[in-house]
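> Okay, structure incoming, though there's no sequence with it:
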């Protein structure tokens, strides 16, 4: 029987080892590369999904979504939407109900993506809902991952410039990890639910979700 706390303390999370994505990361900055990546991704049953937007530090100024991350267990594809927009092949993939796309706070992602192109999202799974059904009360990716896998996702690159000409290695790692982590959480939760061999322990009854 696997015991999982309903929440995780911030100080406990800070002491966990940092996650490293050891798969292959590919930047997609042309429509030709996008087509090839989507052909590969379309063979998958489930993929991880996330997005990044350049932060704005000026009141009234907002930037369009810059990056779409789609991950398999061993590949992280980083679609540079600020360079290629959302090509037909990508829009079709995001609208394909046959491929499960797993993310967190996906309604926010849909809103951001629609600023570049209108499409009908299909096949998406919200991790906040999936984990909530089990009794896990955390909603952020960092805490969910730490709670389940005893590792820490670094957020150091979250507010970096996602529109720069060439992403840094730290940005590439951060972006790939966020999508891959969603996929890993989904696969783990599905297996737990199938087995029924788990119990949620109310360890932090008063801890905030923030």
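It's in. Model, not experiment: these values are computed from the prediction. Residues are numbered from 1 along each chain as shown.

> Residue ranges in the chain under the pLDDT threshold?
204-210 (pLDDT under 70).

> can you give me the helices in it?
Under the criterion DSSP state H, helices of the chain are mapped to 10-14, 31-41, 81-84, 88-94, 106-114, 127-132, 141-149, 169-195.

> Please identify the deepest-packed of the ones you listed.
helix 141-149 (a mean of 22; mean count of other CB atoms under 10 Å). Heads up, the C-betas are built off the backbone N, CA and C, glycines and all.

> and that helix, what other elements does it pack with?
strand 2-5, helix 10-14, helix 127-132, helix 169-195 (3 or more CB pairs under 8 Å, 6 or more residues apart in numbering; DSSP states H and E).

> What residues sit buried inside the first one?
Taking 16 or more other CB atoms under 10 Å as the neighbour-count basis, strand 2-5 is seen to contain the buried residues 4-5.

> ditto for stretch 58-70
So, applying 16+ other CB under 10 Å, buried residues of stretch 58-70: 65-70.

> From these, pick the one nearest residue 39.
When the buried residues of stretch 58-70 are ranked by distance to residue 39 (CB to CB), residue 70 comes first, at 12.6 Å.

> Surely the closest one and residue 94 touch.
No - assessed by CB atoms under 8 Å, residue 70 is found out of contact with residue 94, at 9.1 Å.

> which residues are common contacts for these two?
residue 101 (CB atoms under 8 Å, 6 or more residues apart in numbering).

> contacting residues for residue 10?
Counting by CB under 8 Å, 6+ apart, residue 10 has no contacts.

> what about it, distance to residue 152?
For residue 10, the distance to residue 152 equals 11 Å [CB to CB, to the nearest Å].

> Residue 54 too?
25 Å.

> Please apply the same query to residue 134.
In this view, residue 134 and residue 152 are 21 Å apart by CB to CB.

> try residue 33
Distance of residue 33 to residue 152, computed by CB to CB: 32 Å.
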